[in-house]
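Engineer: below is the sequence, then the predicted model.
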Amino acid sequence: MPRNHPKNSTGSNRRTFLKAAAAGSAGAVLSPSALAAQQNGGRALGKGVSGYGERSAFEIATRRVRGARYEQAAGSLTPLQDLEGTITPSALHFERHHAGIPDIDPAEHRLLIDGLVDRPLVFSVEELRRLPAVTRVFFVECSGNGRVKWSPADPETDAQAAFGMTSCSEWTGVPVSVLLREAGVQAEASWLVAEGADASRMTRSVPLDKALDDVLVAYGQNGEALRPAQGYPLRLLIPGWEGNICIKWLRRLQIVDKAYQTREETSKYTDLMSDGTARQFTFAMDAKSVITRPSGGQRLENPGFYQISGLAWSGRGRVQKVEVTTDGGATWSEAQLDGPVLPLSHTRFRFDWQWDGTATTLASRCIDETGDVQPTRAALIEVRGLRSSYHNNAIQGWRIGTAGQVENVDV
Amino acid sequence: MCSCTKCVFVCVFACLLCAALAAGQSASLGLGRAASPGEVESWGTIVGPDGQGLPPGSATAAEGRSLYDRRCVACHGPTGREGPDDQLAGGQGLLATDEARKTVGSYWPTATTLWDYVYRAMPFNQPGSLSTDEVYAAVAYVLYLNDIVGEQEPVDAASLLAIAMPNRDGFVSDPRPDIGSSAVAATTTAQVRVAGGAALGEVAAFTTPWGEPDLQGVWSYATITPLQRPTDLTDRSQLTEEEVAAYNQASAVRATSERRSGLSAERDLALAYNQVWWDRGQATDRTALIIDPPDGRLPPLTPDARERQAANQAYRVDHAYDSWNDRPLQERCMTYQRVPPVPSGYSNTYQIFQSPGYVAILNERIHDVRVVPVDGREPVHGRIQQWNGDSRGHWDGATLVVETRNYRDTTRWRVFSGSRHLRGVERFPRLDNDEIDYRYTIYDDTTYTRPFTVQLPLVSPPGYVVYEYACHEGNYAMTNVLSGARAQEKTAADEGSR
């Protein structure tokens, strides 16, 4: 049975999702149209082969653009509630641009490595592809992901709106350590400044120890070249750290001896506390999780079995465990993790549940391998106040009404 | 190694393959094109908080006013306060209130940032269209709107650097974890430099998010300084700077010199371990790695140990190739370095990983990982013996201390001797960003008449990476060694019976 028929789901596909799934699982009773689909007569030939594949016309999950004055300086959010597994399809990877997506010919693009190096070097994309490369799965998350949770819960907020600025891909690229070894880093170097080739020439400072640890100059995403919205042909990929520092359309790595206090790491992407001080270089994304099924905007058709499923991740390493509550936080039980659990990656968790038809609240909390525990919104606000803007990893609750409706709620 | 030519060849070739895969750290791949100074300049400037990259130029706010009114006002408003886009002025002193506004005057810590951002990204719809003097003019005007400079005050590279922005001390480093249970273990987690804050590399900064000292990273213990002091330097523990340089030079010459003429095929092949493979490191300023006893030499063996050594040597004369059990562990691809190690030709690396309660030390010389609990648990029972023993650690202040015991009867260390009674105690005090003053003391009173201590500095040069060590798994080296020995025995027997 089609789960998201375009004809009957102008923006309401999420609401029919569990309904459809529930009907399917009932199994024994098929609607007349479903019966027709199972019959054997009069079959027409299907479409032939093609060069670049398309998804089924019945699949309509899309990114949702977050309102902004300019579409070139806006964001679009990943439909977390529609994803399966852990990898985000490249076409659904969230976006955040500051001056639009440049149209770059990879044959013309060059990466410059300069500053405190023995040998300033220029690399073409083809030369980069000759260097030792690695392929790794990492999430990329905007540090503003979860920003809605600084405000009291709006019942209408769904998983996409609450946490859709995270996506997880398999990235392929050259370790920065390889490039810097070629250039020869000088003794006094301690940071690098990465610069993008977008119109705003976005820059961020990266501590050299992280750069040399696990940072990639990526050119591949999910088995093909980066999407233009993800930095084609080159981007910096800084595992576990806020998305803004993963400079897209990378054109330069300048090796320097201090943080360069760029606009993006001073005026933006710093966390204002209640006392008026601001935290700077809050790079790592905290332990986070969200139940994506059932989640806001969906509906449980009738009491019975549902497998609760969601995503968990941490910028400090592996997800060690995810706990789920089905009684509004009174008791928490450990969810099952789909392995292998990769560090700094989305991790799928599952928890079998029988809904008895009464109103209740579901929520999940992530505990990562460093012991970082996803906090409640109240605990977060008590420490950080309400003006932080970034780095909100509060527990996400979903209230289940007696009619099966699912709404955003604070836990 | 084995005495028959054929199997020597096989063994040496097999090890060459591992050396090829464990190639030296210093080799350049030769890709990328050298960038000329002019080419670097063509990429444009990036301005640092120390004024690095600021081009010459100067302007006053008065000169900037008309530029602002033409190019900036539509987005930022007549006084920089009206929007509709980012507010540039006002809000000073309000950051701790509900009226908090992040403007240039209220929030930005450095004036150089303003220059850099206007230069690279403004105006939004025409970035890169302002000349450097126009950038100075726009910057001067925005600073003027914030009462930071006067209307007629020239703003140039020097004056920008001299400006003390109102919120210059408003930024703090990342104190997370800071919430509830996750904050319990946290002490200082200042890991990076902030505006006006501590520099990256201060010892206090090396703390894991859960509050343990942080030793993580790739470390090298490569050095050409010998374990024991050479006999011609009996009275000296230190080398002069000139002597160290000469030592390094001689070592480099030796490693790269052509020495092949007149060699047999297998010796020639052995010399193919040239500078490409070696990563021997440099000399320290000491004459030996042993710092105690003071003579830099291993202590005398006990009578018991001398007896054991003699018996082992006697056994090896006739039984060196009886079985794989008679071959060294590294030839069997089981483990190369022992715990603790003595430097050799390459792969002298530790890669240290930490999680709460554990320190894992990778010695990529046949993939040895020591997972060292540091949570105070008991050592394993004495009957459980392992090639590289059982390690337990604890923190002595910021210093990791690891004690290893429970070695096997048949464990053989490299360069020094030992028995299953050996205990190694290692200390890892981190000195700074890229140095650990690593030392270990060996206690084994059944082997040596007194303990000895080795100092083996760990360094972490930028870009230093661990290369995979590939042993000769999957080929026929061990089979060939043993079958070669059997063939020789048969030949000898045939000749004897003839």
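Structural biologist: Noted; the coordinates are in hand. Numbering: from 1, shown residues only, chains lettered A, B, ... in the order given.
Engineer: buried stuff in stretch A:312-322?
Structural biologist: By neighbour count on 16 or more other CB atoms under 10 Å in any protein chain shown, the buried set for stretch A:312-322 is A:312, A:313, A:314, A:315, A:316, A:317, A:318, A:319, A:320, A:321, A:322. Heads up, the C-betas are built off the backbone N, CA and C, glycines and all.
Engineer: cool, and stretch A:219-234?
Structural biologist: A:219-222, A:225-227, A:229-234.
Engineer: inside helices: which ones of those?
Structural biologist: Secondary structure from DSSP state H places none of the buried residues of stretch A:219-234 in helices.
Engineer: among the residues you listed, which pair sits farthest apart?
Structural biologist: Pairwise distances across the buried residues of stretch A:219-234 peak at 16.0 Å for A:222 and A:234 (criterion: CB to CB).
Engineer: what about the chain, any weak spots by pLDDT?
Structural biologist: All of this refers to chain A. Confidence mapping of chain A against pLDDT under 70 gives the ranges A:1-40, A:67.
Engineer: chain B is the one I meant
Structural biologist: Low-confidence segments of chain B, defined by pLDDT under 70, span residues B:1-27, B:180-205, B:255-263, B:267-276, B:473-474.
Engineer: in it, what residue lies closest to chain A?
Structural biologist: For chain B, the residue closest to chain A is residue B:96, as judged by CB to the nearest CB, at 3.2 Å.
Engineer: contacting residues around that residue?
Structural biologist: Taking CB atoms under 8 Å, 6 or more residues apart in numbering or on different chains as the definition of contact, the neighbours of residue B:96 are A:274, A:275, A:276.
Engineer: that one: what secondary structure?
Structural biologist: With DSSP: H, G, I helix; E, B strand; the rest coil as the basis, residue B:96 sits in coil.
Engineer: the closest residue to chain B within chain A - nearest residue in space that isn't next to it in sequence?
Structural biologist: The shortest separation between chain A and chain B is 3.2 Å, found at residue A:276 (distances taken as CB to the nearest CB). Residue nearest to residue A:276 in three dimensions, not counting chain neighbours: residue B:96, with 3.2 Å by CB to CB, 6 or more residues apart in numbering or on different chains.
Engineer: how much space between the one you found and residue A:381?
Structural biologist: In this structure, residue B:96 and residue A:381 are separated by 16 Å, where distance is defined by CB to CB, to the nearest Å.
Engineer: could you verify my assumption that residue B:363 touches residue B:343?
Structural biologist: No - distance between residue B:363 and residue B:343: 11.5 Å, which falls outside the contact criterion (CB atoms under 8 Å).
Engineer: out of the buried residues of stretch A:219-234, list just those in strands.
Structural biologist: Among these, the subset assigned to strands under DSSP state E consists of A:219, A:220, A:221, A:225.
Engineer: give the contact list for the third one.
Structural biologist: With CB under 8 Å, 6+ apart as the criterion, the residues that contact residue A:221 are A:90, A:93, A:169, A:170, A:171, A:172, A:227, A:230.
Engineer: farthest pair in those?
Structural biologist: Pairwise distances across these (CB to CB) peak at 14.9 Å, for the pair A:93 and A:172.
Engineer: return the subset of the buried residues of stretch A:312-322 lying in strands.
Structural biologist: A:312, A:313, A:319, A:320, A:321, A:322.
Engineer: can I get those in JSON lines including distance to chain B?
Structural biologist: Rendered in JSON lines, the data for those read as follows (distance: CB to the nearest CB, whole Å):
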{"residue": "A:312", "distance to chain B": "15"}
{"residue": "A:313", "distance to chain B": "15"}
{"residue": "A:319", "distance to chain B": "13"}
{"residue": "A:320", "distance to chain B": "9"}
{"residue": "A:321", "distance to chain B": "13"}
{"residue": "A:322", "distance to chain B": "15"}
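Engineer: which pair of those spans the longest distance?
Structural biologist: Maximum distance among these (CB to CB): 13.0 Å, for A:313 and A:321.
Engineer: alright, I will stop here.
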